[in-house]
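Peer 1: mind looking at a prediction? Sequence and model below.
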Amino acid sequence: MTLTFALIITLYMGVIFYLGYRGYKGTKTATDYLLAGRKAHPAVMALSYGATFISTSAIVGFSGLSARFGTSMMVLTFLNIAVGIFIAFIWIGKRTRRMGHHLDAHTFPELIGKRYRSPFIQKFSGWIIFIFMPLYSATVLIGGARFLEETFQVNFNVALLIFTVVIAAYVITGGLRGVMYTEALQGAIMIIGMLILTIVAYVSFGGVTTSHAKLGKIYKEVKERVATPESNERFIREYLNSKFKISIQENEITALKKQVEELSKVSDEKARLLAFSNYLRDALPELQVNQQTMDAIWKRFYYSQVEMQELGKGGLEKLGFRGWDETPEAFSIFWWILYSTFVLGVGIGVLAQPQLAVRFMTVKSNRELNRAVAVGGIFIMIIIGSVYIVGPLTNLFFYNHPDYNTISFAAAGGNVDKVMPLFINLSFPKWFVFIFMLTLLSAAMSTVASQFHAIGTAVSRDIYQRKNVDPLEMDQKSVFWSKIGIVIGIVITVILGYILGAGVIARGTAIFFGLTAASFLPAFVAGLYFKNVTKAAAATSIVSGFSVSLIWMVFFQVKPASALGLCQALFGKPSLVAGTKWAVVDPIILGLPVAILALIVVSFFSRKFEKDHVDYCFQGIKSVK
Amino acid sequence: MLGFSNFWIGLIYILNIVAGLGCLAYGILNWNKGEDVVSEEDKAWAREEKVIEQELN
C-alpha cells in the first residue's frame, strides 16, 4: 500500500515538475510572458489564485476547528467568496494591476512604498512580511504533517520533516512562483478531492437535510449524558456492560472511575498497564482482561471526560456555545473568539495578503479578472463550503463508530488539527486517502511557494533596496540576500512547526491574516481609491495598526500572550486583562480602527503629494476623491 | 431550514450557494468586458518580473 502511494506521489511530482519546466522554458520574451495570459484560460488564473489562497490550513486546521465549534463558522465561507473573490478581484484587483504597472511595482511593499513615495513604508512592510510570514507557512506545513502522521502512523516530527523536504524540493526546483498551469492542476485536484469528500459524507449520513438534523440530535444526546457526574457514570456503566456483556454495578463504576483517575497520574506506561490489569481482574472477574478491553475502558473514561469538559455544565456552554448547528450567544466569550479572531481576521484579512495581491499584477487585463471571478467564486464555494460542512459532520461519524462513540474533539485527543486526518483515514478506502493526500500536497505547495516568494522578494527588493541600479541588471548582492532570506524563512518556518503545540493551525493563520489586515489594509485600499491620502498618513497608519495589534497580542489577547509568556514574565499574569471578555477579543478589532483613524486624521494635517505623482498613479483609474 | 435547528445557520448555507452562483453570473455577464490592450508599460513590467523570477531561482 505504501508502495502504491509512493508510486502515485512520484507520478504526481513528475507531472508537476514537467509542467513547471515546460512553462519556465516556454516563455522566451517578456511579451510571451504576458501573452501567455491572453491564451491562458481564465480558469487557469482563478484556479491558481484559489490554490494559493487555500492551503492545508483551511482543509485540516479550520475544518478541524469547525468539528469542535460547529456550522456557525460557515460565515467564513460567505466572506471568502464575497470578500476573498468578488471584492478582491473587482474592487482591489483591477486597480492594483493598473497602478502596479504604472509604478513598476513587483511586490506588495513596493506597491504601497512607491504609491506613497516612501522607502520607509516599503522597508517596514518588507520586515513585517519577513518576520511573520514564516508563522503562516509553519501552519501550512503542520497541516500536511498531521495528515502524514495519521496516514502512515509515523511520529509527527518525522512527518513534518518529510513534508517540509518535499515542499522545499518543489519550491526550489519547480520555481518559487510556480507556473500557473501547475497551480491550476493543483486547484483542479483540490476541487475533485473536496467534492468527493463532501458527497460521500452526505450520502453516508443519510443526505443533506438528514445529516444536518442528526447533528443537532446527537449534540443533545451527548449533552444529556454528561449533564451531571451521575448521568455520566450511568452512561459509562451501561456502555461498558453492553460492550463487554458484563454487569458492572453502580458502586463498581464509581470505584473504577477513581482508579482510572489515580492511574492516569502514573507516568510509567508499563507500571500503569500492569496496575490497571490487576485491578480489573480483581474488580471485574467476569471481564476478559486483555490489551483491547483495557484500551476500550480507558478510552471510554477519557472520551467521557472530554465530553463533560466540552458539553457539560461549566463547559463551552458557559462561554456562549449552543451546539454544532446553532449560532453562539451574541457577544458572549465564544462569540468574540469565533467572530473576531477566526471569521473577521481571515475573512477581511484576505484583502491585504501580500502574496495574493501581487497576483493581480500578473493578469493581462481586467477582462481576465472578470472571467476569473466566475471560476474563483465556484472554487471557493466548493472547497471552503466543504470545509465547514464536513468538519462538523465528523461528529456524526465518531459518535456512531464502535471504537469511539464520542465527539470528534475527544476522538482526536483534544487536538483539533487531528480531526480531519483521523476522519479521512478511518472512513475512506486507501485510494481516496491517497487522492486526498495529493489534494493537501497541492494545496500546500501552491501556498508555500507563494509565501516563500513573498519572503524572498521582501528581502531582495523591499528590505535590501538597490538605489540607482538598473533593475534589469542582475545585482549579485540582492540575489545573495534574497536566497539568504528564503533560507532563513524556511528554517524559522520549520522550527516554528516543531515548537508550536496542538491545535495551532487555524489560530496561527488568523494571527498572520489579522496582523497584515490591521497593518496594511487601510493604507493599501485608501491608496487605490483616494488621491488625498498623504505619505505621513499612510506611514502612521501602517505603524500604528501593526503596533497596536502586536502589543495587544503579546500582552492582552490571552491565547498568544500566554503562549509567548512575556506578559507572565513581566507582570505575573498570562494577560493584562485575564478573566475579562477583552482577553478573547482579537487584535484586529483594535488595530484596524486605529489604523483607519490614523490614516484619516494625519491626512488632514500633513502635506499632500504633487498633483503629477497622484495623477500618474491614477491614470486609467477613477479615484473617489 | 435544511435540517438545521437554527434558521440563521440554514440561511448562511443558502447564502453561500447564492454567493458562489452570483460570482458565476457576474463572470459570465462580463465575460468579454474589460480592456484588452497590452501597453509598453505592461511589457516593461513583465520583462522585469522575469528577471526577478530568475534571481529567486
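Peer 2: All right, it came through fine.
Peer 1: next, the buried residues of the lengthiest helix in chain B.
Peer 2: For chain B, the longest helix by residue count, based on DSSP state H, is helix B:7-29. Neighbour-count burial for helix B:7-29 flags B:9-10, B:12-13, B:15-16, B:19-20, B:22-24, B:26-27 (criterion: 16 or more other C-beta atoms under 10 Å in any protein chain shown). C-beta coordinates here come from the backbone N, C-alpha and C atoms, glycine included.
Peer 1: if we look at chain A, which of the residues you listed are close to it?
Peer 2: With C-beta under 8 Å from any C-beta of the partner chain as the criterion, these include B:9-10, B:12-13, B:15-16, B:19-20, B:22-24, B:26-27 near chain A.
Peer 1: pull whichever strand or helix holds A:Thr210 out as CSV, backbone CA atoms only.
Peer 2: Assigning secondary structure by DSSP states H and E places A:Thr210 in helix A:208-225. Taking Å, rounded to 0.1, in the frame of the first residue of the first chain, the C-alpha atoms of helix A:208-225 are listed here in CSV:
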residue,chain,number,x,y,z
VAL,A,208,-28.2,16.8,3.2
THR,A,209,-31.2,17.6,5.4
THR,A,210,-30.9,14.3,7.5
SER,A,211,-27.2,14.9,8.2
HIS,A,212,-27.9,18.4,9.4
ALA,A,213,-30.8,17.3,11.6
LYS,A,214,-28.6,14.5,13.1
LEU,A,215,-26.0,17.0,14.1
GLY,A,216,-28.5,18.7,16.4
LYS,A,217,-29.8,15.4,17.6
ILE,A,218,-26.5,13.9,18.7
TYR,A,219,-25.4,17.2,20.3
LYS,A,220,-28.5,16.9,22.6
GLU,A,221,-27.8,13.3,23.3
VAL,A,222,-24.2,13.8,24.3
LYS,A,223,-25.2,16.9,26.4
GLU,A,224,-27.8,14.8,28.2
ARG,A,225,-25.4,12.0,29.2
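Peer 1: okay, the angle between the longest helix of chain B and helix A:208-225?
Peer 2: 150 degrees (axes from the mean of the first three to the mean of the last three C-alpha atoms, to 10 degrees).
Peer 1: identify all contacting residues around helix B:7-29.
Peer 2: With contact meaning C-beta atoms under 8 Å, 6 or more residues apart in numbering or on different chains, helix B:7-29 is reached by A:42, A:71-72, A:74-75, A:77-78, A:81-82, A:85-86, A:90, A:212, A:325-327, A:370-378, A:380-382, A:385, B:1-4.
Peer 1: same question, stretch A:359-369
Peer 2: By C-beta under 8 Å, 6+ apart, stretch A:359-369 touches A:34-35, A:37-38, A:42, A:45, A:48-49, A:52, A:89-90, A:92-94, A:96-97, A:100-101, A:105-106, A:111, A:372, A:450, B:30-38, B:42, B:45, B:49.
Peer 1: could you list the buried residues of it?
Peer 2: Going by 16+ other C-beta under 10 Å, stretch A:359-369 has these buried residues: A:Arg359, A:Phe360, A:Met361, A:Thr362, A:Val363, A:Lys364, A:Ser365, A:Asn366, A:Arg367, A:Glu368, A:Leu369.
Peer 1: so which of the residues you listed are in helices?
Peer 2: A:Asn366, A:Arg367, A:Glu368, A:Leu369.
Peer 1: mind putting those into JSON lines with pLDDT?
Peer 2: Shown next, in JSON lines, are those (pLDDT from 0 to 100):
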{"residue": "A:Asn366", "pLDDT": "85"}
{"residue": "A:Arg367", "pLDDT": "86"}
{"residue": "A:Glu368", "pLDDT": "83"}
{"residue": "A:Leu369", "pLDDT": "87"}
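Peer 1: low-confidence stretches in chain B?
Peer 2: The model of chain B has pLDDT under 70 over residues B:36, B:56-57.
Peer 1: residue closest to the middle of it?
Peer 2: For chain B, B:Cys23 is the residue whose C-alpha lies nearest the centre (C-alpha atoms, centre = their mean; 8.0 Å).
Peer 1: OK, contacts around A:Gly497?
Peer 2: Counting by C-beta under 8 Å, 6+ apart, A:Gly497 touches A:Ala138, A:Leu141, A:Ile142, A:Ala145, A:Leu160, A:Thr164.
Peer 1: switch the cut-off to 10 Å
Peer 2: A:134, A:137-145, A:156-157, A:160-161, A:163-164, A:504, A:508 (C-beta atoms under 10 Å, 6 or more residues apart in numbering or on different chains).
Peer 1: can you turn the buried part of the residues you listed into a PyMOL selection?
Peer 2: Here is the PyMOL command that selects only those of these that count as buried (16+ other C-beta under 10 Å):
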select buried, chain A and resi 134+137+138+139+140+141+142+143+144+145+156+160+161+163+164+504+508
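Peer 1: the contacts of A:Gly497 in helices, which ones?
Peer 2: A:134, A:137-145, A:156-157, A:160-161, A:163-164, A:508.
Peer 1: now do the same for A:Asp104: helix, strand or coil?
Peer 2: State at A:Asp104, reduced to three classes by DSSP: H, G, I helix; E, B strand; the rest coil: coil.
Peer 1: and the nearest residue to it once chain neighbours are set aside, how far is that from B:Ser39?
Peer 2: Once flanking residues are discounted, A:Asp104 sits nearest to B:Trp45: 6.1 Å by C-beta to C-beta, 6 or more residues apart in numbering or on different chains. Remark: distance between B:Trp45 and B:Ser39 (C-beta to C-beta, to the nearest Å) = 9 Å.
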